[in-house]
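Peer 1: Dropping the sequence and predicted coords here.
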Amino acid sequence: MNPDALNPHDILRLRGTGAVFAVEEETGIGSAHLLRTPYAVVRRSPARDGAVPIGIRGMLRSERFAAWIGHEDVLAVYTPEMLRKRAASRMLPAFAALTMLNDLWDGLAFSWGPAGSVGFELATGLPAVHSASDLDIVIRVPRALEADIAREIFSTTMNLPCAVDVQLETPGGALSLAEFVSARRPVLLRTRSGPVLTEDPFASPVTA
């Protein structure tokens, strides 16, 4: 598995915990969670000697751990786009909202899919969503997004069964759709090197 082919929000099925290293705070708790659920999420971070930066989800929202994994220990990759139309096994508002967006965005010119707890549950089959969960969405935007199109996309996320948080993945990094359609400038762009404020999130060069 080429680490450069992976993107933030991709969900990885791992071979095991043996190759996990550099867990923040070195508590060992992150590895313990991987023993129960051998899945992790690619996080936004600079490359490190060919290793993949991952986030390990615990049982609680407060239990999130940053670590690294050898690319040879990645068995499978589930991208948000792959999970977009995967059937959910539970009837919860966040899954209902995803179904509705699949209809509303049927002709959307950009690739997109669920991230966060919804993406994690759809990829792994493990319960991660609850009745009050938001729906996190990633939209890949390879070129500058016109303001009127952005506002139209944003309007379709209103009045859904749950709150929807859309992140635009640009060549330079990720930003909130809600912030982009607002009049506020500069906007916060999340890059592999850390967050930056920018007047134009589609300007280059900013390393994603």
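Peer 2: Cool, the structure landed.

Peer 1: phi, psi of E169?
Peer 2: phi -90, psi 100 (degrees, to the nearest 10).

Peer 1: what's the closest non-adjacent residue to it?
Peer 2: Excluding its sequence neighbours, the residue lying closest to E169 (CB to CB, 6 or more residues apart in numbering) is R140, at 5.1 Å. For every residue, glycine as well, the C-beta is placed using N, CA and C.

Peer 1: So what does the one you found have for phi and psi?
Peer 2: Taking degrees, to the nearest 10 as the convention, R140 sits at phi -80, psi 120.

Peer 1: A115 too?
Peer 2: Main-chain dihedrals, A115, degrees, to the nearest 10: phi -130, psi -160.

Peer 1: low-scoring pLDDT stretches of this protein, where are they?
Peer 2: Within the chain, the ranges that satisfy pLDDT under 70 run 1-4, 16-36, 47, 58-64, 204-208.

Peer 1: ok, 50 please
Peer 2: 22, 25-28, 30, 205-207 (pLDDT under 50).

Peer 1: just the strands in it please.
Peer 2: Applying DSSP state E to the chain gives strands spanning 11-14, 39-42, 52-57, 64-69, 74-78, 112-115, 135-140, 164-170, 173-176, 187-191, 194-198.

Peer 1: Surely W105 and G113 touch.
Peer 2: No: contact between W105 and G113 fails when scored by CB atoms under 8 Å: they sit 10.5 Å apart.

Peer 1: which of the two has more neighbours?
Peer 2: Of the pair W105 and G113, G113 is the one with more neighbours under other CB atoms under 10 Å, namely 25 against 17.

Peer 1: Who are the contact partners of the more buried one?
Peer 2: Residues near G113 by CB atoms under 8 Å, 6 or more residues apart in numbering: 79-84, 119, 137-138.

Peer 1: Pull out the buried residues from these.
Peer 2: Those of the contacts of G113 that meet the buried threshold are 79-80, 83-84, 119, 137-138, by 16 or more other CB atoms under 10 Å.

Peer 1: neighbours around the residue nearest to E169, how many?
Peer 2: Neighbourhood size, R140 [other CB under 10 Å]: 16.

Peer 1: and S89, which of the strands of the chain is closest to it?
Peer 2: Closest approach to S89 among the strands of the chain is made by strand 112-115 (14.5 Å; CB to CB).

Peer 1: Look through the protein and tell me its longest helix.
Peer 2: helix 93-104 (DSSP state H).

Peer 1: which residues touch it?
Peer 2: Residues from elsewhere that reach helix 93-104 (CB under 8 Å, 6+ apart): 84-85, 88, 114, 117-118, 129, 131, 133-135, 137, 156-157, 160-162, 164.
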